[in-house]
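> this one's sequence-less:
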């Protein structure tokens, strides 16, 4: 006998916004981007991490929700092999000693409409610092299997030196080769787990 799934029902309303049904959601790696942008001399370099796992516990209200993400540091790519090798070396991520980056949320704060702030602890090279991401809830609905899914985006800016990534090089025209500030840009698609 073929198993039939219960239809995805409308989630509760919150400040005029329909939120996903409560439950455990897993990141869809194929449709989630863990990206970053950093200055390199006058230009900007974009990159991302391609191997990660994550769960989002959606509560009855946004404040009751939690996020837990684990990223393989060695999966970093900027589409330039030499630069990627440098980023994984002791000058930056030092992946031989610190193979994982993690993020664990500590609070979710709706800030009006579909916007929210996500507080959490970001661990890089075994150094944990608090960060706050500005997020936007992009909506939810049934996936191809009829299960609930949702999408969101979030971003923040960190100082890489706070995580002991201090390598740099002065350039003749003044300033440094690599900027200290790194923009983190996250695009999420997550599916509810039964």
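That came through, no problem. Not measured: the values here are computed from a predicted model. Numbers count the residues shown, from 1 in each chain.
> could you list the low-pLDDT ranges of this protein?
Applying pLDDT under 70 to the chain flags residues 1-15, 40-42, 167-178.
> now the helices for it?
In the chain, the helices defined using DSSP state H lie at 81-87.
> just the strands in it please.
Assigned by DSSP state E, the chain shows strands spanning 13-14, 17-18, 23-27, 33-40, 43-49, 52-58, 66-72, 76-77, 100-112, 115-124, 127-142, 148-159, 178-192.
> format those as JSON lines; extra columns: mean neighbour count and distance to residue 86.
Where C-beta positions appear, they are placed from N, C-alpha and C, glycine not excepted. Formatted as JSON lines, those follow (neighbours: other Cβ atoms under 10 Å; distance: least, Cβ to Cβ, whole Å):
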{"stretch": "strand 13-14", "mean neighbour count": "12", "distance to residue 86": "44"}
{"stretch": "strand 17-18", "mean neighbour count": "16", "distance to residue 86": "43"}
{"stretch": "strand 23-27", "mean neighbour count": "18", "distance to residue 86": "28"}
{"stretch": "strand 33-40", "mean neighbour count": "17", "distance to residue 86": "11"}
{"stretch": "strand 43-49", "mean neighbour count": "15", "distance to residue 86": "11"}
{"stretch": "strand 52-58", "mean neighbour count": "18", "distance to residue 86": "21"}
{"stretch": "strand 66-72", "mean neighbour count": "18", "distance to residue 86": "18"}
{"stretch": "strand 76-77", "mean neighbour count": "18", "distance to residue 86": "10"}
{"stretch": "strand 100-112", "mean neighbour count": "16", "distance to residue 86": "17"}
{"stretch": "strand 115-124", "mean neighbour count": "18", "distance to residue 86": "16"}
{"stretch": "strand 127-142", "mean neighbour count": "16", "distance to residue 86": "20"}
{"stretch": "strand 148-159", "mean neighbour count": "18", "distance to residue 86": "19"}
{"stretch": "strand 178-192", "mean neighbour count": "18", "distance to residue 86": "10"}
